[in-house]
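Asks: Next comes the sequence, and after it the predicted model I'd like to discuss.
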Amino acid sequence: MQTEQTMQTPEEEQYTLKNFAADVLDIAECVASAIFFVIILFTFIVCIARVDGTSMVPTLENGDRLAVSRLSSTYENGDILIINNWEGHPMDADGNIRTTIGFEKRIVKRLIAQEGQTVNIDFANGIVYVDGVALDEPYANTPTNDQLDHAVQYPLTVPEGYVFVLGDNRNGSSDSRSTLVGLVARKDILGKVLFRILPIANLGKIDQT
């Protein structure tokens, strides 16, 4: 039994080609929009950072991948920050801020005090004070006993435009106690850590307190 074959007219073929071209353009537009959105997202809103080292143990482990917000320009004490540490800013006994060579990479630390706040550390007992109040620091791996290389003098009132940071692994962290870091200029804060991406087993929001 023969089947009847139908043939498209030139007009119908032209219409089909136009529909195909329109579909391709729609797909291309969707892909371009998605790429543009990803570029904007990871340029101005969020970036990915990798933890290098053990200075934030037990909160963060070496090799963790973190999502970092670039949007905020204000931070709260206790926030975990990603910092551009190309330079260190220790303060001498006369209150003058010097510039030294830093680790020349990004580092991750916890915000302890901001401009106008006074930091004091009882190294014998490992207690950190901010504005005379002893901090409750369940996130700290060890008491704060190590003075490192005396980057600042205590008690210290944090000057305008700077913050004071510490790693959670207090006796295994180079932070504002070290001349490689010292006081962190606000302009060097890349952003606030939002949550952990990898490893998958630990995926989720990080407790900031």
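Replies: Ah, there it is. No experiment lies behind these values; they were computed from the predicted model shown.
Asks: What's the separation between the most centrally placed residue in the chain and Pro138?
Replies: In the chain, the residue lying closest to the centroid (C-alpha atoms, centre = their mean) is Ile82, at 3.2 Å. Taking C-beta to C-beta, to the nearest Å as the measure, Ile82 falls 22 Å from Pro138. (Each C-beta comes from the backbone N, C-alpha and C, glycine too.)
Asks: does the nearest residue to Asn125 once chain neighbours are set aside sit in a helix, a strand or a coil?
Replies: Of all residues not flanking Asn125 in the chain, Pro143 sits nearest, at 7.0 Å (C-beta to C-beta, 6 or more residues apart in numbering). When classified by DSSP: H, G, I helix; E, B strand; the rest coil, Pro143 comes out as coil.
Asks: My guess is Pro143 contacts Ala124. True?
Replies: No: counting by C-beta atoms under 8 Å, Pro143 sits too far from Ala124 to count as a contact (9.6 Å).
Asks: So between the two, which is more surrounded?
Replies: Pro143 (16 against 8; other C-beta atoms under 10 Å).
Asks: and that one, what does it touch?
Replies: By C-beta atoms under 8 Å, 6 or more residues apart in numbering, Pro143 lies in contact with Asn125, Gly126, Ile127, Arg170, Asn171.
Asks: Pretty sure Arg170 is one of the things the second one touches, is it not?
Replies: Right, the one you point to is Gly126. Yes: taking contacts as C-beta under 8 Å, Gly126 lies within contact range of Arg170: 7.3 Å.
Asks: Who has more neighbours out of these two?
Replies: The residue with more neighbours, out of Gly126 and Arg170, is Arg170; 21 against 16, by other C-beta under 10 Å.
Asks: any idea how far the more buried one lies from Pro159?
Replies: Arg170 is 23 Å from Pro159, by C-beta to C-beta.
Asks: again with Asp149
Replies: Applying C-beta to C-beta to Asp149 and Pro159 gives a distance of 20 Å.
Asks: And Leu135, by the same measure?
Replies: Note on Leu135: its distance to Pro159, by C-beta to C-beta, is 20 Å.
Asks: which other helices and strands contact the longest strand along the chain?
Replies: The residue-count maximum for a strand in the chain (DSSP state E) belongs to strand 100-114. Strand 100-114 sits against strand 80-88, strand 127-130, strand 162-166, with contacts defined as 3 or more C-beta pairs under 8 Å, 6 or more residues apart in numbering; DSSP states H and E.
Asks: what sits up against the last one?
Replies: In other words, strand 162-166. 75, 81, 83, 89, 97, 109-115, 117, 119, 128, 144, 152, 156, 158, 173, 175-177, 181, 183-186, 189.
Asks: For Ala93, give me its contacts.
Replies: Contacts of Ala93 (C-beta under 8 Å, 6+ apart): Gln153.
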